[in-house]
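>>> got a structure for you, letters missing:
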């Protein structure tokens with residue numbers, strides 16, 4: 001059974017610099033009040049585990065992990081974009 005891709009937010013202590021952020025180029029990085037938040041789409045739990053392993057290997061202190069409970073959205077087609085703008089349910 002194939003995994004459904006999910007969006008995750010991973011937060012660790014410290015506002016890291018460009019060198020550490022370079023270890024996570026596949027993710028968006030945002031600095032928030034003494035923490036760094038990485039977010040992105042993960043194909044499966046193995047991809048998530050690889051990022052968590054990198055965080056551990058760099059000696060970073062993981063403080064929060066959040067998963068979206070919905071699958072990633074697909075690119076809207078002209079038809080779905082029209083439905084979305086009309087406010088009508090699909």
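Thanks, I have the structure now. This structure is a prediction, so every number in the text was calculated from the model and none was measured. Numbers count the residues shown, from 1 in each chain.

>>> where in this structure is pLDDT low?
Low-confidence segments of the chain (pLDDT under 70): 1-2, 69-90.

>>> go with 50
Within the chain, the stretches with pLDDT under 50 are 72, 75, 77-84, 90.

>>> which residues in it form helices?
18-21, 45-57, 78-86 (DSSP state H).

>>> now do the strands in this structure.
Using DSSP state E, the strands found in the chain span residues 6-13, 28-32, 35-42, 62-67.

>>> using CSV, lay out those together with mean neighbour count and distance to residue 51.
In short, each C-beta sits where N, CA and C put it, glycine included. As requested, the strands of the chain are exported to CSV (neighbours: other Cβ atoms under 10 Å; distance: least, Cβ to Cβ, whole Å):
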stretch, mean neighbour count, distance to residue 51
strand 6-13, 18, 6
strand 28-32, 13, 12
strand 35-42, 18, 7
strand 62-67, 12, 10
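
>>> okay, these in TSV with distance to residue 48 next?
As requested, those are exported to TSV (distance: least, Cβ to Cβ, whole Å):
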stretch	distance to residue 48
strand 6-13	6
strand 28-32	15
strand 35-42	5
strand 62-67	8
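
>>> any idea how far residue 34 is from residue 6?
Look at residue 6 and residue 34: by Cβ to Cβ, to the nearest Å, they are 26 Å apart.
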